[in-house]
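> structure for this input, please:
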Amino acid sequence: MKAGKLLIAGLMAGILSACGGHGYEGTWKATSDNAMLEKLINQAGGGTMVIGEDYIEANGQRNQVDDIFTRESAGKQYLVFAKDGEEQVFEINDEDNLEIGQMGVTLTYTRAD
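Below is the predicted model:
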């Protein structure tokens with residue numbers, strides 16, 4: 001009886017771990033390569049983003065997404081947020097640093113937790 005319970009518990013643990021998230025859940029802090037934008041981020045007290053299993057939260061606003069996954073393209077890794085057929089893409093520098101570039105400015109998000 002104990003062996004059966006242990007087997008079931010082991011199988012459940014395996015199934016649950018396989019259903020885990022994308023590995024980038026947590027709090028992220030933004031910095032910029034642009035001095036003016038960096039100053040703005042610091043003055044506004046913003047620049048913090050929370051990535052959940054199926055959402056992004058910033059400035060008190062939570063945005064649900066359909067899927068969060070990683071993609072490899074041209075030898076680079078990307079974290080992709082997909083919603084309604086559109087994608088927001090962050091380049092993965094390493095497991096603790098994500099980058100997004102827009103209009104010639106790069107924001108780097110560093111894992112804060």
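> contacting residues around Lys76?
For Lys76, the contact set (Cβ atoms under 8 Å, 6 or more residues apart in numbering) comprises Glu91, Ile92. Heads up, the C-betas are built off the backbone N, CA and C, glycines and all.
> mind checking how far it is from Asn93?
Applying Cβ to Cβ, to the nearest Å, one obtains 9 Å for the distance of Lys76 from Asn93.
> which stretches in this structure count as strands?
26-32, 48-51, 55-58, 61-64, 67-73, 76-83, 86-94, 97-102, 105-111 (DSSP state E).
> of these, flag the one that's most buried.
Among the strands of the chain, judged by mean count of other Cβ atoms under 10 Å, the one packed with the most neighbours on average is strand 48-51 (a mean of 18).
> I'd like the strands of the chain as TSV, with mean pLDDT and distance to Lys39 appended.
As requested, the strands of the chain are arranged in TSV below (pLDDT from 0 to 100; distance: least, Cβ to Cβ, whole Å):
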stretch	mean pLDDT	distance to Lys39
strand 26-32	92	9
strand 48-51	93	16
strand 55-58	92	19
strand 61-64	94	23
strand 67-73	96	30
strand 76-83	96	27
strand 86-94	95	23
strand 97-102	90	18
strand 105-111	90	13
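> and these: which comes nearest Asn42?
With Cβ to Cβ as the criterion, Asn42 lies closest to strand 26-32 of the strands of the chain, at 9.3 Å.
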